[in-house]
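1. pasted the sequence and its predicted model underneath.
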Amino acid sequence: MNPIIFTTVCLALAAATCIDLRSQRIPNALTIPTALAALAFHALNQGPAGFWFSAGGLGLGFGLMLAPFLFGVMGGGDLKLMAAVGAWLGPQAVFTAFLATSIAGGLYALAVLAQRRDVLRSVFLRFTSALYATAGTGEFHYRPAPGAETLPRLCYGLAISLGTLAVMIHRVLEHGWLGQAW
């Protein structure tokens, strides 16, 4: 892995995580320049093939996070952060980073819910009830949370950072710094 890519992505993820944890937002002023820098970096180093590699990663990173964004589960900053990561790492690596991010996000959500045992219990009771109803009728039945009960908000930039960092470190350990280029 190219040390410039590794360092740049780590710095962008660190900034995104700190800002997200503090303000529950990931600003365009971070994500858009990060993505544009990736497109330029790859284009300058590898020509048109590098640009398309970066654009493919950007598009896939965006596409993978689009459904959760459209359903209101994730914010636009999270969507753009994964797109920026994809622009640096390319399509194959951003897909792997997305999978690792999903695992990190699930563990993070469980940890946050564990802090609020009343909410965790309520979520699991509704989920169990939905499973039984679905198994009995063959139709999906889920009872949403009452209006008074709100689930804690997650700062998903943290999960994106952890998942992406895990993939990049694995890549460095597997191929070394100058191994297979992204």
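-> That came through fine. Keep in mind that what you see is a predicted model, and the values were worked out from it rather than measured. Numbers count the residues shown, from 1 in each chain.
2. quick check: domain ranges of this protein?
-> Here the domain parsing of the chain from automatic domain parsing is 3-116+155-175, 118-151.
3. deepest of those domains, which one?
-> domain 3-116+155-175 (a mean of 19; mean count of other CB atoms under 10 Å). The way it works is simple: take the backbone N, C-alpha and C, and place the C-beta from them, glycine included.
4. by contact count, what packs against the helix or strand of the chain at the bottom of the mean pLDDT ranking?
-> Of all regular secondary-structure elements in the chain, judged by mean pLDDT, DSSP states H and E, the least confident is helix 117-137 with a mean of 82. Here helix 117-137 touches helix 91-115, going by 3 or more CB pairs under 8 Å, 6 or more residues apart in numbering; DSSP states H and E.
5. and for the helix it packs on, what's in contact with it?
-> Residues outside helix 91-115 that contact it (CB atoms under 8 Å, 6 or more residues apart in numbering) are 53, 56-57, 59-61, 64-65, 82, 85-86, 89, 119-120, 123, 151-152, 154, 156, 158-160, 162-164, 166-168, 171, 182.
6. ok, back up a step: mean pLDDT for the domains of the chain: which is lowest?
-> Looking at those, the lowest mean pLDDT belongs to domain 118-151 (a mean of 76).
7. now the helices for the protein?
-> Along the chain, counting by DSSP state H, helices occupy 3-23, 28-70, 76-89, 91-115, 117-137, 156-175.
8. distance check, Val85 against Leu60.
-> 10 Å (CB to CB, to the nearest Å).
9. now swap in Ile5 and tell me
-> For Ile5 relative to Leu60 (CB to CB), the value is 17 Å.
10. contacting residues for Thr34?
-> 8, 12, 84, 87-88.
11. reformat those residues as TSV; add distance to His175.
-> Shown next, in TSV, are those (distance: CB to CB, whole Å):
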residue	distance to His175
Thr8	18
Ala12	22
Ala84	23
Ala87	20
Trp88	16
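12. of those residues, closest to Gly136?
-> Distance to Gly136 across those (CB to CB) is lowest for Ala84, with 45.3 Å.
13. so what's Thr134 closest to, chain neighbours aside?
-> Distance criterion CB to CB, 6 or more residues apart in numbering; nearest residue to Thr134, sequence neighbours excluded, is Phe140 at 5.2 Å.
14. I appreciate the help and will end here.
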